[in-house]
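Engineer: Below are the sequence and a predicted model; questions follow.
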Amino acid sequence: MNFNLSEEHLLIRDTARSFAQKELMPGVIERDNNQQFPSDGVKKMAELGFLGMMTSPNYKGGGMDTISYVLAIEEISKCDASAAVIMSVNNSLVCWGLEEYGTDKQKTKYLTKLASGELLGAFCLSEPEAGSDATSQKTTAIDMGDHYLLNGTKNWITNGSSASIYLVMAQTDVSKGHKGINCFIVEKEMMGFQVGKKEDKLGIRGSDTHSIMLTDVKVPKENRIGEDGFGFKFAMKTLSGGRIGIAAQALGIASGAFELSAKYATERRSFNKKIGEHQAIAFKLADMATKIEAARHLVLKAAWLKDNNQPYSKESAMAKLYASEVAMDVTIEAVQIHGGYGFVKEYHVERFMRDAKITQIYEGTSEIQRIVISRDILSQAEIY
Ligand code: CAA
């Protein structure tokens with residue numbers, strides 16, 4: 001067993017770190033206040049190859065592994081978790097899914113533009129009445145011969161207005177249940193496609209989250225991903241990888257808040273000493289660091305399994321479950337350590353605390369991760 005990162009991994013981590021500090025940290029408070037999309041940062045992420053990190057160079061991707069991807073996401077989340085989710089959705093929910101299951105034509109037409117960052121992608125599974133219960137899709141796709149006709153509403157879509165290409169899950173044959181669901185590549189410019197209201201969110205306010213309305217959208221048959229009825233499995237398989245990205249985002253949020261707290265504990269004084277010299281604060285830092293390290297191991301293990309073609313759905317769920325809970329715990333403690341300063345925007349930790357919450361919700365709530373983990377355990381119970 002080797003816990004060392006390779007020279008290449010260290011280089012990617014350091015590149016992401018200096019990019020995030022130089023390009024994303026300035027203005028992050030204002031973007032959070034104003035719900036402003038980090039357009040310049042996203043453009044630069046595209047130039048650095050961060051929007052299609054794991055996509056093959058044949059489709060203008062970086063050809064990197066999942067370990068590189070999680071290292072970059074962690075560093076970016078330490079400065080701007082909104083930029084990290086924009087990157088995560090494009091990389092793992094859109095580019096990875098297209099490369100793994102798309103046709104050559106779909107990859108040439110769409111993936112090259114998405115992986116190079118020329119266009120952004122979005123993943124549209126959730127609906128007003130289908131969040132955790134993702135098989136209950138109400139969006140319909142009627143087979144019209146050479147095309148499908150899509151109708152319905154999607155909710156809480158990351159990159160909702162900034163994307164140009166949307167992977168949309170829809171029910172083609174309700175009598176088949178989840179086996180009647182398909183996934184379609186939908187272009188923003190298609191007639192009947194409409195970006196709905198922008199959500200005013202608690203956290204990750206720099207990312208644009210919208211509802212999407214589809215009214216008689218004519219989608220060519222060649223834009224369906226995989227065989228007829230593959231859409232739900234496509235969504236599940238894609239989310240298994242996506243959850244590694246969100247786990248890395250949660251890890252970055254926790255690490256960012258922790259680093260600020262450790263520094264603050266060596267600067268702020270009370271009762272004639274640095275606050276870090278009070279055991280009450282020192283022990284908080286010890287607990288925070290231990291939890292972060294444990295989360296990091298789960299995230300890297302899930303990424304390593306994926307890179308080594310081993311099953312990783314349970315491990316990605318574990319990584320997301322644990323890292324998101326650590327992000328919440330650590331950021332609450334970070335605010336506490338900062339006291340009154342922690343409650344004001346200038347010190348960043350209140351933003352980290354607000355940003356942490358969504359990591360327990362999107363790409364499957366903590367409760368859904370427990371379903372995924374426990375089903376896997378019980379299906380293997382005879383080996384214990
Ligand atoms: N890989 C491959 N197949 C899978 C799978 C996986 N990881 N998980 C489930 N499946 C398959 C099952 O094998 C089953 O297929 P068969 O019938 O052929 O055996 C099929 O999918 C249905 O599975 P279940 O019977 O387990 O379905 P369920 O209704 O009990 O739901 C669930 C399972 C895990 C709860 C699922 O509904 C789920 O993950 N829900 C959460 C959805 C979610 O994460 N939404 C996030 C929205 S996207 C987002 O947030 C993006 C963003 O913008 C940031």
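Structural biologist: Done, it's in. Numbers count the residues shown, from 1 in each chain.
Engineer: that's a strand at residue 151, yeah?
Structural biologist: Yes: counting by DSSP: H, G, I helix; E, B strand; the rest coil, residue 151 falls inside a strand.
Engineer: was I right about it contacting residue 138?
Structural biologist: No: Residue 151 is beyond contact range of residue 138, at 9.3 Å (criterion: Cβ atoms under 8 Å). Yep, even glycine has a C-beta here, placed from its N, CA and C like the rest.
Engineer: what's residue 72 in contact with, if anything?
Structural biologist: Residues in contact with residue 72 (Cβ atoms under 8 Å, 6 or more residues apart in numbering) are 12, 13, 15, 16, 50, 53, 87.
Engineer: From these, which land in helices?
Structural biologist: 12, 13, 15, 16, 87 (DSSP state H).
Engineer: how much space is there between residue 178 and residue 233?
Structural biologist: To residue 233, residue 178 is 8 Å away according to Cβ to Cβ, to the nearest Å.
Engineer: next one: residue 349
Structural biologist: For residue 349 relative to residue 233 (Cβ to Cβ), the value is 40 Å.
Engineer: Roughly how far does residue 239 sit from the ligand?
Structural biologist: According to Cβ to the nearest ligand atom, to the nearest Å, residue 239 stands 5 Å off from the ligand.
Engineer: Would you mind naming what in the stretch 201-350 of the chain lies close to the ligand?
Structural biologist: Within the stretch 201-350 of the chain, the positions near the ligand by Cβ under 6 Å from any ligand atom are 232, 233, 236, 237, 239, 240, 313.
Engineer: From those, which land in helices?
Structural biologist: Going by DSSP H, the helices hold 232, 233, 236, 237, 239, 240, 313 from those.
Engineer: can you give me the strands in the stretch 201-350 of the chain?
Structural biologist: Taking DSSP state E, counting those that start in this stretch as the criterion, the stretch 201-350 of the chain carries its strands at 209-220, 224-225, 269-270, 273-274.
Engineer: so can I have a markdown table of those strands showing mean neighbour count and mean pLDDT?
Structural biologist: Shown next, in a markdown table, are the strands of the stretch 201-350 of the chain (neighbours: other Cβ atoms under 10 Å; pLDDT from 0 to 100):
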| stretch | mean neighbour count | mean pLDDT |
| --- | --- | --- |
| strand 209-220 | 19 | 98 |
| strand 224-225 | 23 | 98 |
| strand 269-270 | 11 | 98 |
| strand 273-274 | 12 | 98 |
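Engineer: which one of the ones you listed lies closest to residue 245?
Structural biologist: strand 209-220 (16.5 Å; Cβ to Cβ).
Engineer: So for residue 72, what's the nearest residue that isn't a sequence neighbour?
Structural biologist: Nearest non-adjacent residue to residue 72, counting by Cβ to Cβ, 6 or more residues apart in numbering: residue 16, 4.0 Å away.
Engineer: To what extent is the one you found buried, counted in neighbours?
Structural biologist: Using other Cβ atoms under 10 Å, the number of residues around residue 16 comes to 28.
Engineer: Next up, the contacts around it.
Structural biologist: Counted by Cβ under 8 Å, 6+ apart, residue 16 has contacts 48, 50, 71, 72, 74, 75, 76.
Engineer: So what's the gap between the strand or helix carrying residue 76 and the chain middle?
Structural biologist: In this assignment (DSSP states H and E), residue 76 forms part of helix 66-79. With Cα atoms, centre = their mean, to the nearest Å as the basis, helix 66-79 stands 11 Å off its chain's centre.
Engineer: got it, and stretch 234-251?
Structural biologist: 6 Å.
Engineer: Neighbour count for residue 349 and residue 233, which is higher?
Structural biologist: Between residue 349 and residue 233, residue 349 has the larger neighbour count (other Cβ under 10 Å), namely 27 against 16.
Engineer: For the ligand, state which of the ones in helices among the contacts of residue 72 is nearest.
Structural biologist: residue 87 (11.4 Å; Cβ to the nearest ligand atom).
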